[in-house]
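Enquirer: Dropping a prediction and its sequence here:
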Amino acid sequence: MSAHCCGHDHGHGSNSPAYRRVLWVALAVNLAMFAVEIGAGLSAQSASLLADSLDFLGDAANYGLALFVLGMALQWRARAALVKAASMGAFGLWVAGTTIQHALAGTVPAAPVIGVVGALALAANLGVAALLYRWREGDSNMRSVWICTRNDAIGNLAVLAAAAGVFGSGSGWPDYLVAAIMSGLALVGAFQVTRHALQELAHTRRAAPAE
């Protein structure tokens, strides 16, 4: 394996101490926001907040997995990325199912709660995204971390739009629509990370005989 693939990046790649510290901060922020949003989502009967809360939980697990494989060979980081892609896909499917249930029940969530918690979640994700921006490119493991964080920030903007839509219309459809968008983001992100990880695994298999 080359030095890059082994992670000898002199402080700028996936195994740098700075990147580890950022991942620990991201892990703590996501766990805290999961606790806040799951309670608010249940209280407000909001599909978009419940979706976002489980997204925070999934991202916390992904950050933990990313920390575990830092410094390992490229094929192990790629395999970890595949696990994360599977979790993103499962999240997307769960959100789709929950949204359909809320739509059939005609649930009207509490718009003020969605707005306040959505704004807090956006601030948290923008902070994490700013910390991770430096490492947005790299192997599939690093890219999966960035894609998750980017999707979260986009999803939070959509949650705020849902709050405004519910408040203005008095119906739950803006909330359902945002939850559906978040489901789509998760599924697209899972596809992108899977494709990148499979390319890396294919590369390591081709390089192995030469070593």
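Expert: Structure received.

Enquirer: Run a quick neighbour tally on V36.
Expert: Neighbour count of V36, defined by other CB atoms under 10 Å: 16. In this view, the C-beta of every residue, glycine as well, is placed from N, C-alpha and C.

Enquirer: same deal with the one 10 residues further on?
Expert: Taking other CB under 10 Å as the criterion, the count of residues near S46 is 32.

Enquirer: now swap in the one 3 residues further on and tell me
Expert: Counted with other CB under 10 Å, the neighbours of L49 add up to 31.

Enquirer: what's stretch 122-140 in contact with?
Expert: Stretch 122-140 is contacted from outside by 13-14, 19, 22, 25-26, 29-30, 32-33, 74, 77-78, 81, 142-143, 145-146, 149-150, 152-153, 156-157, 159-160, 193, 196-197, 199-200, using CB atoms under 8 Å, 6 or more residues apart in numbering.

Enquirer: Give me the nearest residue to the most centrally placed residue in the chain, chain neighbours excluded.
Expert: Central residue of the chain (CA atoms, centre = their mean): C148, 2.9 Å from the mean position. Leaving aside its chain neighbours, C148 sits nearest to D59 (5.0 Å; criterion: CB to CB, 6 or more residues apart in numbering).

Enquirer: related to what we said a few turns ago, which element, helix or strand, includes the residue nearest to the centre of the chain?
Expert: Taking DSSP states H and E as the criterion, the element that holds C148 is helix 140-169.

Enquirer: Any regions of this structure where pLDDT drops low?
Expert: 1-15, 71, 138-141, 208-211 (pLDDT under 70).

Enquirer: Go again with 90.
Expert: Applying pLDDT under 90 to the chain flags residues 1-23, 26, 38, 41-111, 125, 128-159, 161-162, 169-172, 176-211.

Enquirer: how about the helices in it?
Expert: 3-6, 17-44, 47-69, 74-105, 111-132, 140-169, 173-207 (DSSP state H).

Enquirer: gap between the fifth one and the chain center?
Expert: By that I understand helix 111-132. 13 Å (CA atoms, centre = their mean, to the nearest Å).
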